[in-house]
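missing the sequence, but the structure's below:
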C-alpha cells in the first residue's frame with residue numbers, strides 16, 4: 001500500500017546564494033541593455049513630442065505671418081544678451 005502525502009508550500013527563504021561570476025556578468029549586461037532600451041524609448045518619445053510641437057508652431061506661423069517676424073525678433077533679443085556678438089541679417093531687396 002502506498003501513502004501519498006500532499007503538502008502546500010507557502011513560504012521558502014533562500015540565504016547566502018552564491019552565483020558564478022559569468023552569471024553575474026550576464027545579468028549585469030542584461031540589466032544595462034534594458035536600461036539602454038528604456039532610455040532610447042524615452043528619447044524617441046521626447047523627439048516625437050518635440051516634432052509635434054514644432055509642427056504646431058509652424059502651422060501657427062503660417063497662419064499668422066507676423067508671428068514669424070516676432071519670433072525672429074525674440075531670437076535677436078536672446079542673441080543680443082552676449083555683447084560680443086555680430087548678427088548679419090538679410091535685407092529685402
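Arrived safely, thanks for sending. None of these values were measured; they are calculated from a predicted model.

for the protein, longest helix please?
helix 21-63 (DSSP state H).

any idea which helix or strand comes after it?
helix 65-79 (DSSP states H and E).

quick one, that next one and helix 21-63 angle?
Angle, helix 65-79 to helix 21-63, by axes from the mean of the first three to the mean of the last three CA atoms, to 10 degrees: 130 degrees.

name the helices or strands packed onto helix 65-79?
Contact analysis of helix 65-79 by 3 or more CB pairs under 8 Å, 6 or more residues apart in numbering; DSSP states H and E lists helix 21-63 as its packing neighbours. From N, CA and C alone the C-beta is placed, and that goes for glycine too.

what's around the residue lying closest to residue 60 once chain neighbours are set aside, how many residues?
Using CB to CB, 6 or more residues apart in numbering and skipping the chain neighbours, the partner closest in space to residue 60 is residue 67 (6.0 Å). Using other CB atoms under 10 Å, residue 67 has 13 other residues around it.

residue 67 contacts residue 61, doesn't it?
Yes: contact status for residue 67 versus residue 61: in contact at 4.7 Å, counting by CB atoms under 8 Å.

what's the end-to-end length of stretch 59-68?
From its first residue to its last, stretch 59-68 covers 11 Å (CA to CA, to the nearest Å).

now find how far off-centre that stretch is within its chain.
29 Å (CA atoms, centre = their mean, to the nearest Å).

for it, give the mean pLDDT please.
Stretch 59-68 carries an average pLDDT of 89.

ok, stretch 17-31 next?
On average, stretch 17-31 scores 92.

same thing with stretch 72-79?
Across stretch 72-79, the per-residue pLDDT values average to 85.

show residues contacting that stretch.
Stretch 72-79 is contacted from outside by 85, 87, using CB atoms under 8 Å, 6 or more residues apart in numbering.

could you rerun that using 10 Å?
Residues outside stretch 72-79 that contact it (CB atoms under 10 Å, 6 or more residues apart in numbering): 85-87, 89.

closest to residue 20 among those residues?
Among the contacts of stretch 72-79, residue 85 lies closest to residue 20 (CB to CB), at 60.3 Å.

which element, helix or strand, includes that closest one?
Counting by DSSP H and E, residue 85 is part of no helix or strand.
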